[in-house]
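Participant: please find the sequence and the predicted model below.
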Amino acid sequence: MKKSIHAIFAMAALLSSLSGMLTITACSDGLDNLLVQLKEAIRNYDLDKAKVLSEKACDKNSDFGCYVYAGLLAKGNDYHNALKMLEKSCDLNHKGGCAEAGLYYYYGAYGTTPDTLKAMEYYKRGCDIDGNDPNADVDYKQNIAIGCYRVGSQSRFGKENPIDEKNANKYYEKACKLGIEFACKIIDPTKTEEDADYLVILQSEAIRNNNFEKAKEYAEKACEKNNDLGCFTIGELLTREQENSKAIPFLEKGCNLNNNGACVELGVMYLKGKGSVPDTSKAIKLLEKSCNLKVNQGCFLLGGLYKLGNGVPANKEKAKEYFTKACHLGLREACRMK
């Protein structure tokens, strides 16, 4: 995510692509000549001149001029006016301007108030504009692709909108063609909700849109089909809702299916008595399994139990063994304990 936001204002990439993206249409009042000069300034990396020329071109309602001006304003940290210029470029049918305005609102970037519905409006407009920019750089194309994907995702899974699967698939298809592999998986005609792996894809989409009720529905179906990630997900979502006793059977099934996250989550629950009476013996078995499945937190917790003699005889050597394993699995805190 951060990479996408950063890409909006990566001027080196922007300037390298802008010279190739310039398309001059029939213009009046010298706009065609102005755009030629702007292109030359960009090639020479003369940003001061480019800023003056792009502002003038934008004043003459050049979508390209407004888009360039927005990038230069952002380079000077004037994000408020940069967004205004992106919005104007979008109003003038610049796909990139629409997509980047959508990014601003989606993330609440640089002081912008986050507004998912407004983001979707700009994403949709950018995705709906016909035509391609064959020389556009990777970041520019990716922003448009992400916009199409998010419109599809919001149409199918967003809580703010009624479900519109037909409309969703239209935008997923565009995103797929623009290189968003996950969008391709969602509209794969060979997949149905009888397929556990497909249900996991759908649950991920629902979670991404904060539609947790729909996510639980897909996750439970996946778990019924013995998908370990589905079992872990429904268990995790239930624990977030403080439905710990309901979560335990799903986490147990997930752990039995060798989902390492389910094992450590369940071990911690038995250790703390969440959803059941505390059971250190069960907790240790589950944490041992999670550690064997390479969960650093499981190894670390075991190290602590053996160090303190909590539920097991105190054993400094065993404690060190588990702390060392947690350290090797990337938990820095464990490295200090061994």
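Facilitator: Received the coordinates, thanks. Bear in mind the structure is a predicted one, so any value in this text is a computation, not a measurement.
Participant: quick one: low-confidence ranges for the stretch 151-300 of the chain?
Facilitator: Along the stretch 151-300 of the chain, segments meeting pLDDT under 70 span 159-163.
Participant: that one: helices as residue ranges?
Facilitator: 165-177, 181-186, 196-208, 212-224, 228-240, 244-256, 260-272, 280-292, 296-308 (DSSP state H, counting those that start in this stretch).
Participant: contacts for the fourth one next, please.
Facilitator: The one in question is helix 212-224. Helix 212-224 is contacted from outside by 157, 193, 196, 199-200, 202-203, 206-207, 229-231, 233-234, 237-238, 240, 250, 253-254, using CB atoms under 8 Å, 6 or more residues apart in numbering. C-beta coordinates here come from the backbone N, C-alpha and C atoms, glycine included.
Participant: quick one: buried ones out of those residues?
Facilitator: The neighbour-count test (16 or more other CB atoms under 10 Å) applied to the contacts of helix 212-224 identifies 157, 196, 199-200, 202-203, 206-207, 229-231, 233-234, 237-238, 250, 253-254 as buried.
Participant: quick one: contacts for Cys335?
Facilitator: Counting by CB under 8 Å, 6+ apart, the residues that Cys335 touches are 323, 327.
Participant: tell me the contacts of Phe323?
Facilitator: Residues near Phe323 by CB under 8 Å, 6+ apart: 299-300, 303, 307, 334-335, 337-338.
Participant: could you identify the most distant pair in those?
Facilitator: Lys307 and Cys335 (14.7 Å; CB to CB).
Participant: now Glu205: closest residue in space, sequence neighbours ignored.
Facilitator: Once flanking residues are discounted, Glu205 sits nearest to Phe157: 5.1 Å by CB to CB, 6 or more residues apart in numbering.
Participant: surely the one you found meets Gln203?
Facilitator: No. Using CB atoms under 8 Å as the test, Phe157 is too far from Gln203 to be in contact (9.9 Å).
Participant: which residues do the two both contact?
Facilitator: What both Phe157 and Gln203 touch, as defined by CB under 8 Å, 6+ apart, is an empty set.
Participant: circling back to that earlier point, any chance of a markdown table for the helices of the stretch 151-300 of the chain, columns distance to Asp59?
Facilitator: Output for the helices of the stretch 151-300 of the chain, formatted as a markdown table (distance: least, CB to CB, whole Å):
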| stretch | distance to Asp59 |
| --- | --- |
| helix 165-177 | 32 |
| helix 181-186 | 38 |
| helix 196-208 | 40 |
| helix 212-224 | 47 |
| helix 228-240 | 51 |
| helix 244-256 | 59 |
| helix 260-272 | 56 |
| helix 280-292 | 62 |
| helix 296-308 | 58 |
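Participant: among these, which comes closest to Ile144?
Facilitator: helix 165-177 (8.9 Å).
Participant: next one: the closest one to chain centre, how far?
Facilitator: 18 Å (CA atoms, centre = their mean, to the nearest Å).
Participant: tell me what it is packed against?
Facilitator: helix 116-128, helix 138-157, helix 181-186 (3 or more CB pairs under 8 Å, 6 or more residues apart in numbering; DSSP states H and E).
Participant: for these, give me TSV that also has distance to Gly273.
Facilitator: Listed next are the helices and strands packed on helix 165-177 as TSV, based on distance: least, CB to CB, whole Å:
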stretch	distance to Gly273
helix 116-128	39
helix 138-157	35
helix 181-186	39
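Participant: nearest to Ile42, out of those?
Facilitator: Of all the helices and strands packed on helix 165-177, helix 138-157 comes closest under CB to CB, at 14.3 Å.
Participant: closest to Lys51 out of the contacts of Phe323?
Facilitator: Using CB to CB, those come closest to Lys51 at Cys335, 50.1 Å.
Participant: and that closest one, how far from Cys291?
Facilitator: 16 Å (CB to CB, to the nearest Å).
Participant: repeat that for Ser204.
Facilitator: Taken as CB to CB, the span from Ser204 to Cys291 is 27 Å.
Participant: when those two are compared, which one has more neighbours?
Facilitator: Cys291 (25 against 19; other CB atoms under 10 Å).
Participant: wait, Pro278 touches Met269, no?
Facilitator: No. The pair Pro278 and Met269 fails to qualify as a contact (CB under 8 Å) at a distance of 9.5 Å.
Participant: show me which of these two is the more surrounded one.
Facilitator: Met269 (24 against 13).
Participant: and the residue lying closest to the more buried one once chain neighbours are set aside, what does it touch?
Facilitator: Nearest non-adjacent residue to Met269, counting by CB to CB, 6+ apart: Gly275, 5.6 Å away. By CB under 8 Å, 6+ apart, the residues touching Gly275 are 239, 244-248, 269.
Participant: just the pLDDT for Tyr123.
Facilitator: Looking at Tyr123, its pLDDT stands at 95.
Participant: which residue packs closest to it, ignoring adjacent ones?
Facilitator: Spatial nearest neighbour of Tyr123, excluding adjacent residues (CB to CB, 6+ apart): Gly147 at 3.4 Å.
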